[in-house]
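In: need a structure here:
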Amino acid sequence: MKPVELDHATITASLAPRPGADMGGRTARQVMAALLRRGYRTLLLTGRLLEEPGAGLDVEDDARLLLEWYAYAEARVAAGGPFEFDTVLADGAFVISSNSDGERVRLLFHYVPELDSTQASTSAAEVSVQEYAWWWRSIAAGLLALADEQDAAG
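Out: Numbers count the residues shown, from 1 in each chain. Presented below is the predicted three-dimensional model:
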């Protein structure tokens, strides 16, 4: 069966309460492979905390990383206490810096589309640790929903 050529998908980040994403025993690489089989090549990450028009990401490079960073963020939140880390996507063109004191998370989004510094943008946000977990969960859930479409159609 020839894959459907969809090319791109939009993942909308949200601060709405939600349970953790269920990977269904799949690895991040398996989810990425399902997205590629479906025909997805690029992702547009939009929604809460992100400036419009969002960040353009590559499925092959960034879908796996988003799921791995989601798992890392969940682990850091569950451990409690302060944390600090950078999520580097789009070959360094999109960086999400997270810094938490254990109760609040300060986020810094730095995006340089196509690594063209004339288009660089930086924005900041602050959310509760719980909202931060929900935000990452919404991204993971969006990726998994796209991969599950493949499995249901498959």
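In: and the lengthiest helix in the chain, what other elements does it pack with?
Out: Counting by DSSP state H, the longest helix found in the chain is helix 129-153. If you count contacts as 3 or more C-beta pairs under 8 Å, 6 or more residues apart in numbering; DSSP states H and E, helix 129-153 packs onto strand 7-13, helix 28-38, strand 40-47, helix 64-79, strand 94-100, strand 104-111. No exception for glycine: its C-beta is placed from N, CA and C like everyone else's.
In: right, and the helix or strand after the fourth one?
Out: I take that to be helix 64-79. Scanning forward in sequence from helix 64-79 by DSSP states H and E, the next helix or strand is strand 83-89.
In: Direction included, what does that following strand pair up with?
Out: Here strand 83-89 has these sheet partners by DSSP bridges: strand 94-100 (antiparallel).
In: Give me the contacts around the partner strand.
Out: Applying C-beta atoms under 8 Å, 6 or more residues apart in numbering, the contact partners of strand 94-100 are 45, 55, 57, 69, 73, 76, 82-89, 105-112, 129, 132.
In: that older thread, which of the helices and strands packed on helix 129-153 sits closest to residue 148?
Out: helix 28-38 (8.2 Å; C-beta to C-beta).
In: how about that closest one: buried residues?
Out: Of the residues in helix 28-38, 28, 31-36, 38 count as buried by neighbour count, 16 or more other C-beta atoms under 10 Å.
In: okay, the angle between that helix and strand 40-47?
Out: Here the directions of helix 28-38 and strand 40-47 differ by 110 degrees (axes from the mean of the first three to the mean of the last three C-alpha atoms, to 10 degrees).
In: 447 is where my numbering starts, stick with that
Out: All set: I'll call the first residue 447, so the last point we hit is now helix 474-484.
In: Could you list every helix and strand that helix 474-484 packs against?
Out: Here helix 474-484 touches helix 510-525, helix 575-599, going by 3+ C-beta pairs under 8 Å, 6+ apart.
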